[in-house]
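Colleague: Task: produce atomic coordinates for the following.
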Amino acid sequence: MNESYSIKDIIRLMLNHIWLILVIAVLGAAGGFCVSKFILPLQYSSHITMYVQSYTGISEHADNVNNISNSKQLVNTYMEVLKDDAVMNAVGEQLVKQFDENTLSQNFKLSDTGKITPASIRTCLAISSVTDTSAVKVTATTKNAEVAAALCNDLTKVAPQYVEDAVGVGSINTIDTAKVYNTPVAPNTPKNTMIGGAAGFMLIVLIIFLIDFFDNTIKDSDALANKYKKAIIGEIQQFGDSKKKRSSDEDEHAKLTDKEVPFFIVESYKSIRTNVTFSLSTFEKKIFAVSSANPGEGKSTTSANIAIAMAQSGSKVLLIDADMRKSVQHKIFGIKNKKGLSSAVSKMSSLEDCIQKNVVENLDVMTAGPIPPNPSELLGSEQMTTILNELNEKYAVIIIDTPPVNVVTDAMELAKNISGIIMVVRYADTTDEDLAAANKKIEFAQMNLLGFILNGIKVKSRGGYYSKYKYGSKYYYKKGYGYGYGYGYYGNKPGETGDAEDDESEVTESDK
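Modeller: Here you go, the predicted structure:
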């Protein structure tokens with residue numbers, strides 16, 4: 001949840017949604033135009049001015065000045081008299097004599113007896129004083145131009161008698177009659193169009209700010225680093241077709257060796273390689289795990305690409321797929337999975353037979369192997385410790401792809417055998433609560449958190465946005481990652497390999 005906004009934050013938020021704001025504003029303006037043009041009835045207006053005099057006769061200039069001054073004092077009193085129900089009823093009686101019932105019903109509310117209600121007449125009238133004069137201006141607005149003019153004239157006709165009876169002094173006169181104006185004064189289409197556009201703009205801006213205010217997903221790498229006092233090891237931008245649909249079990253993984261991977265992604269992983277090297281420089285073991293809080297945050301693809309980037313620097317690198325429940329690395333690299341980590345730890349095969357050499361130059365890969373019934377126990381076993389100690393002598397760097405921390409405890413079992421763990425965080429997807437929960441598990445296991453990789457960042461560049469790329473040939477994670485939710489043996493039963501040759505859908509050339 002964002003608690004405060006700077007001017008820069010507001011501008012950035014507005015620019016990030018500029019097209020949505022423009023579209024909604026235009027739709028609001030179009031709505032205002034259509035309502036004015038096709039829904040609201042036309043209204044016509046007429047007016048007349050009445051003059052108040054405190055005396056009926058004028059003899060000298062001084063008397064004339066006093067007369068005007070006294071008349072100004074009577075204006076407010078006369079205006080209240082003109083709005084009285086008695087006056088309105090008298091006006092209504094005049095109107096009934098002039099127009100048929102159908103015309104009157106279109107402009108006023110009629111009582112059961114056919115009379116016009118005083119309130120409905122009042123709503124059609126605007127009575128105001130003219131500044132610095134003793135004049136009273138009466139404006140009538142109705143759906144009929146003739147009715148509007150008649151309303152003004154009838155009011156001036158009955159007003160003098162009621163004013164005289166109520167006040168007792170002065171008089172009220174007119175020197176003209178209200179005219180019929182056939183040009184409608186309402187609705188004001190340009191004005192309503194602008195109001196509709198402004199309303200649409202304000203509404204969508206309010207919605208955007210409310211959504212952003214209550215959005216608890218992680219979008220700010222600086223805030224992430226400050227909150228956990230850990231380094232941001234790297235940031236990976238989105239690219240490719242974010243709208244491309246995927247099945248529940250499949251996704252597309254992008255390797256650094258793929259031709260379609262853009263230059264800025266390659267450079268991002270080179271930067272990550274450098275930062276990881278510095279992070280491990282103070283540790284004797286160059287073994288680290290890569291995980292995430294939840295499924296679907298890109299930790300397997302990130303693990304594979306970090307391994308490739310390190311191998312490209314000339315270091316001898318081993319990538320271990322320790323996600324024995326939902327192995328992915330054999331699919332990313334298009335290799336077999338008949339033997340792997342589970343085979344080595346359970347001593348079903350020799351360690352050398354479980355490692356596939358030079359999958360990429362300088363990069364060896366140990367796939368997950370057949371799905372075991374007890375992945376957590378295998379990872380925490382003494383045999384696992386023995387294997388990692390042996391491999392540590394042969395490789396410059398060992399990268400372990402582990403299951404999501406918030407779903408299963410597998411990654412925690414490796415705490416004593418690795419130098420630390422890197423958490424992959426999905427931009428605008430991973431929530432503060434998810435990461436906080438994962439961090440508690442890491443701290444409880446006394447595992448060293450090396451830092452974060454913020455994945456799938458949407459950044460503006462050269463006037464446009466990089467769109468999201470769907471990683472990987474197949475993706476097997478989804479909410480409900482544990483045994484109780486069908487995760488444990490989903491797609492493969494214990495003893496099956498999940499090999500590309502054994503899977504229902506084989507690895508194609510495009511996957512390799």
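
Colleague: just the strands in the protein please.
Modeller: Counting by DSSP state E, one finds strands in the chain at the ranges 44-53, 125-129, 135-142, 171-173, 231-237, 287-292, 317-321, 356-360, 363-366, 397-401, 420-426, 449-457, 460-461, 464-465.

Colleague: Now do the buried residues in the second one.
Modeller: Across strand 125-129, burial judged by 16 or more other C-beta atoms under 10 Å covers L125, I127, S129. Glycine gets a C-beta too; all of them are placed from N, C-alpha and C.

Colleague: who does it touch, helix- and strand-wise?
Modeller: helix 61-82, strand 135-142 (3 or more C-beta pairs under 8 Å, 6 or more residues apart in numbering; DSSP states H and E).

Colleague: quick check: longest helix of the chain.
Modeller: helix 189-213 (DSSP state H).

Colleague: Name the residues of that helix that are buried.
Modeller: Buried residues in helix 189-213, counted by 16+ other C-beta under 10 Å: N192, T193, I195, G196, G197, A199, G200, F201, I204, V205, I208, D212.

Colleague: if we look at it, which residues are touching it?
Modeller: The contact list for helix 189-213 (C-beta atoms under 8 Å, 6 or more residues apart in numbering) reads 1-2, 13-14, 17, 20-21, 24-33, 35-37, 40.

Colleague: which residues sit in contact with the closest residue to S381 other than its chain neighbours?
Modeller: In this structure, S381 finds its nearest non-sequential neighbour in V345, 6.3 Å apart by C-beta to C-beta, 6 or more residues apart in numbering. Applying C-beta under 8 Å, 6+ apart to V345 gives the contacts L378, L379, S381, Q383, M384, I387.

Colleague: Mind doing that once more with 7 Å?
Modeller: Contacts for V345 were tallied using C-beta atoms under 7 Å, 6 or more residues apart in numbering; they are L378, S381, Q383, M384, I387.

Colleague: of all those, which two lie farthest apart?
Modeller: L378 and I387 (10.3 Å; C-beta to C-beta).

Colleague: Tell me where the model's unsure across this protein.
Modeller: Across the chain, the ranges flagged by pLDDT under 70 are 1-3, 54-73, 169-170, 240-252, 459-512.

Colleague: how does it look with 50?
Modeller: By pLDDT under 50, the low-scoring segments of the chain are 56-62, 64-65, 242-251, 461-512.

Colleague: Now do the same contact list for Q43.
Modeller: T141, T142, K143, P184, V185, A186.

Colleague: and D429, how many neighbours?
Modeller: Neighbours of D429 under the rule other C-beta atoms under 10 Å: 17.

Colleague: Among the contacts of V345, which lie within helices?
Modeller: The members of the contacts of V345 that map onto helices under DSSP H are L378, Q383, M384, I387.

Colleague: With adjacent residues omitted, what lies nearest to the first one?
Modeller: Spelled out, it's L378. That would be V345: by C-beta to C-beta, 6+ apart, it lies 4.6 Å from L378.

Colleague: From A304, how far out is the one you found?
Modeller: As for V345, its distance to A304 is 21 Å (criterion: C-beta to C-beta, to the nearest Å).

Colleague: and if you look at D112?
Modeller: D112 is 83 Å from A304, by C-beta to C-beta.

Colleague: who has more neighbours, these two?
Modeller: Using other C-beta under 10 Å, the more surrounded residue of D112 and A304 is A304, with 30 against 5.

Colleague: and that one, what does it touch?
Modeller: Counted by C-beta under 7 Å, 6+ apart, A304 has contacts K255, L319, Q329, I332.

Colleague: What is the burial count for the last one?
Modeller: Under the neighbour criterion other C-beta under 10 Å, I332 is assigned a count of 29.

Colleague: From I172, how far out is the closest residue to V81 other than its chain neighbours?
Modeller: Distance criterion C-beta to C-beta, 6+ apart; nearest residue to V81, sequence neighbours excluded, is A166 at 4.8 Å. Note on A166: its distance to I172, by C-beta to C-beta, is 11 Å.

Colleague: Compare those two (neighbour count), which wins?
Modeller: Neighbours were tallied for A166 and for I172 using other C-beta under 10 Å; the higher tally belongs to I172 (24 against 15).

Colleague: got the contact list for the closest residue to Q106 other than its chain neighbours?
Modeller: Spatial nearest neighbour of Q106, excluding adjacent residues (C-beta to C-beta, 6+ apart): K143 at 5.7 Å. If you count contacts by C-beta under 7 Å, 6+ apart, K143 has them with P41, L42, Q43, Q106, N107.

Colleague: Dump those into a markdown table; add distance to I398 as well.
Modeller: Putting the contacts of K143 into a markdown table (distance: C-beta to C-beta, whole Å) gives the following:
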| residue | distance to I398 |
| --- | --- |
| P41 | 79 |
| L42 | 81 |
| Q43 | 81 |
| Q106 | 86 |
| N107 | 87 |
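
Colleague: Most neighbours among these, please name it.
Modeller: That'd be N107 among these, by other C-beta under 10 Å, with 23 neighbours.

Colleague: doesn't A145 make contact with it?
Modeller: No - N107 lies out of contact with A145 (C-beta atoms under 7 Å); the separation is 10.7 Å.

Colleague: I116 - how many residues pack around it?
Modeller: Other residues near I116 come to 23 when the count uses other C-beta under 10 Å.

Colleague: The one 3 residues further on too?
Modeller: Here the neighbour count serves as a burial measure; for A119 (other C-beta under 10 Å) it reads 11.

Colleague: Also the one 3 residues further on?
Modeller: R122 is flanked by 17 other residues according to other C-beta under 10 Å.

Colleague: check contacts around it.
Modeller: Taking C-beta under 7 Å, 6+ apart, one finds K83, M88 in contact with R122.

Colleague: mind redoing it with 10 Å?
Modeller: R122 makes contact with L82, K83, D84, D85, V87, M88, V91, according to C-beta atoms under 10 Å, 6 or more residues apart in numbering.

Colleague: what sits against the fourth one?
Modeller: So that's D85. Per C-beta under 10 Å, 6+ apart, neighbours of D85: G92, T117, P118, A119, I121, R122.

Colleague: now with 6 Å?
Modeller: Shown in contact with D85 (C-beta atoms under 6 Å, 6 or more residues apart in numbering): P118.

Colleague: how far away is it from L74?
Modeller: In terms of C-beta to C-beta, D85 sits 21 Å off from L74.

Colleague: can you check the second one too?
Modeller: Counting by C-beta to C-beta, the separation of K83 from L74 is 15 Å.

Colleague: ok, now I232?
Modeller: Distance from I232 to L74, by C-beta to C-beta: 78 Å.

Colleague: okay, the two: which has more neighbours?
Modeller: Using other C-beta under 10 Å, the more surrounded residue of I232 and L74 is L74, with 21 against 15.

Colleague: re earlier: now the ones in helices among the contacts of V345: which count as buried?
Modeller: Using 16+ other C-beta under 10 Å, the buried members of the ones in helices among the contacts of V345 are L378, M384, I387.

Colleague: tell me which of these is nearest to A445?
Modeller: M384 (15.0 Å).

Colleague: Excluding covalently adjacent residues, which one is nearest to the closest one?
Modeller: V345 (5.3 Å).

Colleague: Can you name the residues that contact the residue nearest to G196 when sequence neighbours are not counted?
Modeller: In this structure, G196 finds its nearest non-sequential neighbour in G32, 2.2 Å apart by C-beta to C-beta, 6+ apart. Contacts for G32 (C-beta under 6 Å, 6+ apart) come out as N192, T193, I195, G196.
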